[in-house]
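>>> quick one, structure for this:
(chains A and B)
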Amino acid sequence: EDQVTQSPEALRLQEGESSSLNCSYTVSGLRGLFWYRQDPGKGPEFLFTLYSAGEEKEKERLKATLTKKESFLHITAPKPEDSATYLCAVVTSGTYKYIFGTGTRLKVLA
Amino acid sequence: ETGVTQTPRHLVMGMTNKKSLKCEQHLGHNAMYWYKQSAKKPLELMFVYSLEERVENNSVPSRFSPECPNSSHLFLHLHTLQPEDSALYLCASSQDPSGPRIFGPGTRLTVL
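Residues are numbered from 1 along each chain as shown, chains lettered A, B, ... in the order given. So this is what the prediction gives:
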């Protein structure tokens, strides 16, 4: 069964304390993996798409990486404004099948 | 207004009511999506439209009826809903149906 699992469920960091969020997946074939950020009361905001193992994307303090089994979202020297829920989703190859994880709630303390 | 817009932002309805959610994008995207977001659960894909044709229907109950009259507009018609249908309904768009890129702010639906 196709599945996406994100960990940890919640994470509290001090400002400047770098860490990583994990998205592991089990799918029949991967077309792409997406990362989004969602603030309370808002729709998700697209961050990255990764298509193949070894690919990396960066945006400000965020860096996403992809292997054949999982993706990591690395947050370097986070700031309080990075507090949000980070969502991972995969799109399977063949028929379009989109699967979201339950997200990681990140809280960065000043 | 740029991006993806959704109206209404909040909706309270009884189980016997009929209502519609509206989504609009002027980004030139060809694919549009409806998602349901419930507390503690992953986003659930409901429908995907590409060039006004439905390309995905994730076994959604018939009390939810989508309509895509053109590539800029998407509707979700609601009738005889259940309290468990209360959730945040999100619309999204993308250039092609490879995955949602831009989400709207959502409609918070409460079914009494």
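
>>> quick one: the helices in chain A, in order.
Assigned by DSSP state H, chain A shows no helices.

>>> can you give me the strands in chain B?
Secondary structure of chain B, counting by DSSP state E: strands at B:4-7, B:10-13, B:18-25, B:31-37, B:44-50, B:53-57, B:64-70, B:73-79, B:87-94, B:102-103, B:107-111.

>>> let me see the contact set for B:A87.
B:A87 sits next to B:K36, B:Q37, B:S38, B:L109 when contact means Cβ atoms under 8 Å, 6 or more residues apart in numbering or on different chains. For every residue, glycine as well, the C-beta is placed using N, CA and C.

>>> and with 6 Å instead?
Residues in contact with B:A87 (Cβ atoms under 6 Å, 6 or more residues apart in numbering or on different chains) are B:K36, B:Q37, B:S38.

>>> what sits closest to the last one if chain neighbours are left out?
Same thing as B:S38. B:A87 (4.5 Å; Cβ to Cβ, 6 or more residues apart in numbering or on different chains).

>>> swap in B:L51?
Nearest residue to B:L51, sequence neighbours excluded (Cβ to Cβ, 6+ apart): B:N30, at 5.3 Å.

>>> what is the neighbour count of the one you found?
15 (other Cβ atoms under 10 Å in any protein chain shown).

>>> and B:L21, by the same measure?
22.

>>> run through the bridge partners of it.
Taking DSSP bridges as the rule, B:L21 bridges to B:L76.

>>> follow-up on the earlier one: give me the pLDDT for the residue nearest to B:L51.
Looking at B:N30, its pLDDT is 95.

>>> now A:S28
A:S28 is given a pLDDT of 85.

>>> how about it, phi and psi?
phi -70, psi -30 (degrees, to the nearest 10).

>>> wait, doesn't A:K57 sit right on A:A64?
Yes: contact criterion Cβ atoms under 6 Å: A:K57 and A:A64 qualify, at 4.9 Å.

>>> anything in contact with each of these two?
Counting by Cβ under 6 Å, 6+ apart, the residues touching both A:K57 and A:A64 are A:F48.

>>> between these two, who's got more neighbours?
For A:K57 versus A:A64, the count of surrounding residues by other Cβ under 10 Å is larger for A:A64: 23 against 15.

>>> OK, contacts around that one?
Here A:A64 is in contact with A:W35, A:F48, A:L50, A:K57, A:L73 (Cβ under 6 Å, 6+ apart).

>>> do the same with A:F46
A:Y36, B:R101.

>>> one more pass at 8 Å, please.
The neighbourhood of A:F46, defined by Cβ under 8 Å, 6+ apart, consists of A:F34, A:Y36, B:P100, B:R101, B:I102, B:F103.

>>> just the buried ones from these, in PyMOL syntax?
If you want just the buried ones from those in PyMOL, going by 16 or more other Cβ atoms under 10 Å in any protein chain shown, the selection is:
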select buried, (chain A and resi 34+36) or (chain B and resi 100+101+102+103)
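
>>> and the contacts of A:F46 as a markdown table, adding distance to A:T102 and pLDDT?
Shown next, in a markdown table, are those (distance: Cβ to Cβ, whole Å; pLDDT from 0 to 100):
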| residue | distance to A:T102 | pLDDT |
| --- | --- | --- |
| A:F34 | 15 | 95 |
| A:Y36 | 13 | 97 |
| B:P100 | 17 | 92 |
| B:R101 | 21 | 92 |
| B:I102 | 22 | 95 |
| B:F103 | 17 | 96 |
